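A.B. asks: After the sequence you'll find the predicted model.
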Number of protein chains: 2
Amino acid sequence: MATRSPFRVLATDPTGARAGVLETPHGPVETPVFMPVGTHGAVKALTPDQVAGTGARILLANTYHLAISPGSDLVAKAGGLHAFMGWARAILTDSGGFQVFSLPKAEIREDGVTFRHEAGGERVTLTPERSMAVQGELGADIAMCLDDCAPWPCDRARAEEGVRRTTAWARACRAAHRRDDQALFGIVQGSVFPDLRERSAREIVGIGFDGFAIGGVSVGEGTGAMLDVVGRVAPLLPPDRPRYVMGIGKPEEIVRAIGLGADLFDCVLPTRHGRSGILYTARGPLRIRHRRYRRDLFPPDTSCGCETCSRFTRAYLRHLFEAGEILGQTLASLHNVHFFLETARRARAAILEGRFGAFRGEFCAAVERGQPDPEGEPEGAARRRRRAPTK
Amino acid sequence: MATRSPFRVLATDPTGARAGVLETPHGPVETPVFMPVGTHGAVKALTPDQVAGTGARILLANTYHLAISPGSDLVAKAGGLHAFMGWARAILTDSGGFQVFSLPKAEIREDGVTFRHEAGGERVTLTPERSMAVQGELGADIAMCLDDCAPWPCDRARAEEGVRRTTAWARACRAAHRRDDQALFGIVQGSVFPDLRERSAREIVGIGFDGFAIGGVSVGEGTGAMLDVVGRVAPLLPPDRPRYVMGIGKPEEIVRAIGLGADLFDCVLPTRHGRSGILYTARGPLRIRHRRYRRDLFPPDTSCGCETCSRFTRAYLRHLFEAGEILGQTLASLHNVHFFLETARRARAAILEGRFGAFRGEFCAAVERGQPDPEGEPEGAARRRRRAPTK
């Protein structure tokens, strides 16, 4: 099989971390890389220009959500998802498989999965063939196989059923996939059962794909169990193909997974937390609505070079959130997306220089120490003033 | 009195419409001009770069709101409002006088007005001296006198009281105003009573200001009465000073007021309507959430060159609003702010070419005909399909 979206590994660190380049019809993607999530064909609260300004080279969009609204036929009529959403760089679409896990009313059968759409009560069925057809119409650079993402926790029987179905659906997706300009990635399932993960990896690799994903992680199993799975599966995947760990995670989880040989990541955390005023920093998350930032004229993250940190203060961001201004959500999301991308860029630079192990140690220690704001007003002072009687 | 923010009239159309340039410490402002509103020190849903991208040269911010939160002392500590909000072009701050009209719990006394703040129950008092001090700390290019904006409808006695107080407060503001780098504009009140408007104009002009505003309009009196007031007051104002009609309005109202010799305008409509999915177009407002736009791949306004109309379709905007994406509000606000600015720019070009009368006629006729979307699916077709039984 010829590889679509060819991948080159440029360097492998002693830890096993890899630096590479994934070629796509919409430009090269340097890995390791974080993919911001644009569920409905829009990264929440950000314009495509703002997303591009963070240095993002590839986005993730959701097949299930776009199939329901506005419909993949309309997206195709508009010239594909790139044109529809005004994004000229690469896109990866998921398959709808994660919604098997995340939506309450998904009914799984052997040939596919039927969802009762939350709002309208309308039923939507995704089979491997339908997922391929929809992803073909969306026209992303990378399509994902439909998989059966088992819930957490789940017993061995359910996990085994998931592996069996995921393999059958992967074969069907492989057969149904039509677009020569679109890469297709297979997904490994198996929950936290080592032998099932190994079996799934063997079967999916045996079918042959342009890249391989580790699915069914970050579903509640915890960081330790998640990293165990990544560490077990990654070495079973072909070294010349990109490895995508789906839906993780916190920045330190991403850095640790990079150390296990993973290349691609996506997560809603930067935009979800951005909208609620939580900003990621090199020293842990910062809750900008806290009163201690009321008169704090430092940038949100003193070591960050993003648009938000270059031009605005903690006091201004806090003011925007207090006033209910949408701009607060935009600026916080912008910073967070930049932070996740920058974390992967810093990891890549460290890999190329053979010092990833040290980078990982320092990065994780600083985040986990969690002192994002030594410059801020001491917590006690704000509390005392708040208690003082007002005149 | 030396003029701060000197104003030059470059051309006067036979209608009386003027094209000019207002010099400010933060760059020249070509008039007629529309000022986007940034109540809390942020134009709603837009970054400063996005606002600058629409061509805006001057913004309005609200003294009352900023005095309450984050406080003008903090803004001063941050280097003034320009630095705090990241806006390098000109700013005008209102005085808090409009909140006399718009907030329910304002108590007016001879020396000023006391507000009970909606949220906290905290009391805030604005006197002429306090308004000047706060506006001095905010550091806008143009400050406004504290005025008594009478409600609508109001009887002659209340309107007369408003004129008397507005004159007294204007004198006090004039005396209390300190910053040499900040222009101070006087405000004419008098509700819809012609003789009171004339008296107010005479008194305010007599005190002497860098520019003159017509306040107490667009408070419910209707377009006809509003234009009557503008048409009566404008000729009483010094021709060599800028004339600012506060808080108007629809694009066609702005164009008509330009024809009466007004130069500056501000209004929340572009951002407020943008956030609810109403887009202004050369052919009247377009409600983007309507089902008829579901598969409409034309730009929102086919004659518009803004970022939104250059890059996105009606179908995409509708999809964003249907999906509850903040980006929809941003893109619609961006278009609307651009549309208001562009309307003033087109009026200016027409004045300079001596064809403003024709422009006004064509502009208002097209908007008032109100057929924003001849390319869209006919309304009937969408309605018929909606009624059809779904399978």
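C.D. replies: Happy to help now that I have it. Source: prediction; values computed, not measured.
A.B. asks: From now on I want contacts and neighbour counts done on CA atoms only, so please keep to that.
C.D. replies: Fine.
A.B. asks: Stretch A:320-338 vs chain B: in contact?
C.D. replies: Yes: Stretch A:320-338 is in contact with chain B by C-alpha under 8 Å from any C-alpha of the partner chain, via A:Leu320, A:Ala323, A:Glu325, A:Ile326, A:Leu327, A:Thr330.
A.B. asks: correct me, but the second one touches B:Gly38?
C.D. replies: No: using C-alpha atoms under 8 Å, A:Ala323 and B:Gly38 do not qualify as a contacting pair, with a distance of 11.7 Å.
A.B. asks: for the residue nearest the centre of chain A, what are its contacts?
C.D. replies: In chain A, the residue lying closest to the centroid (C-alpha atoms, centre = their mean) is A:Asp266, at 0.9 Å. A:Asp266 makes contacts with A:Phe34, A:Met35, A:Pro36, A:Val37, A:Leu60, A:Val245, A:Met246, A:Gly247, A:Ile248, A:Gly249, as judged by C-alpha atoms under 8 Å, 6 or more residues apart in numbering or on different chains.
A.B. asks: For the fourth one, which residues are in contact?
C.D. replies: Going by C-alpha under 8 Å, 6+ apart, A:Val37 touches A:Val43, A:Leu59, A:Leu60, A:Ala61, A:Asp266, A:Cys267, A:Val268.
A.B. asks: could you dump these to a markdown table with pLDDT and secondary structure?
C.D. replies: Output for the contacts of A:Val37, formatted as a markdown table (pLDDT from 0 to 100; DSSP: H, G, I helix; E, B strand; the rest coil):
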| residue | pLDDT | secondary structure |
| --- | --- | --- |
| A:Val43 | 98 | coil |
| A:Leu59 | 98 | strand |
| A:Leu60 | 98 | strand |
| A:Ala61 | 98 | strand |
| A:Asp266 | 98 | strand |
| A:Cys267 | 97 | strand |
| A:Val268 | 97 | coil |
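A.B. asks: hmm, which of those are the buried ones?
C.D. replies: Among those, those classed as buried by 16 or more other C-alpha atoms under 10 Å in any protein chain shown are A:Val43, A:Leu59, A:Leu60, A:Ala61, A:Asp266, A:Cys267, A:Val268.
A.B. asks: Out of those, which comes closest to chain B?
C.D. replies: Chain B has its nearest neighbour among these in A:Val43, at 8.2 Å by C-alpha to the nearest C-alpha.
A.B. asks: What count of nearby residues applies to the residue nearest to A:Glu30 when sequence neighbours are not counted?
C.D. replies: Excluding the flanking residues, the one nearest A:Glu30 by C-alpha to C-alpha, 6 or more residues apart in numbering or on different chains is A:Val21, at 4.5 Å. For A:Val21, the neighbour count with other C-alpha atoms under 10 Å in any protein chain shown is 19.
A.B. asks: Ok, A:Val134 next?
C.D. replies: Count around A:Val134 with other C-alpha under 10 Å applied: 24.
A.B. asks: By mean pLDDT, which helix or strand of chain A comes out lowest?
C.D. replies: helix A:379-387 (a mean of 38; mean pLDDT, DSSP states H and E).
A.B. asks: Looks to me like the residue nearest to A:Glu30 is in a strand.
C.D. replies: Yes: A:Val21 forms part of a strand when assessed by DSSP: H, G, I helix; E, B strand; the rest coil.
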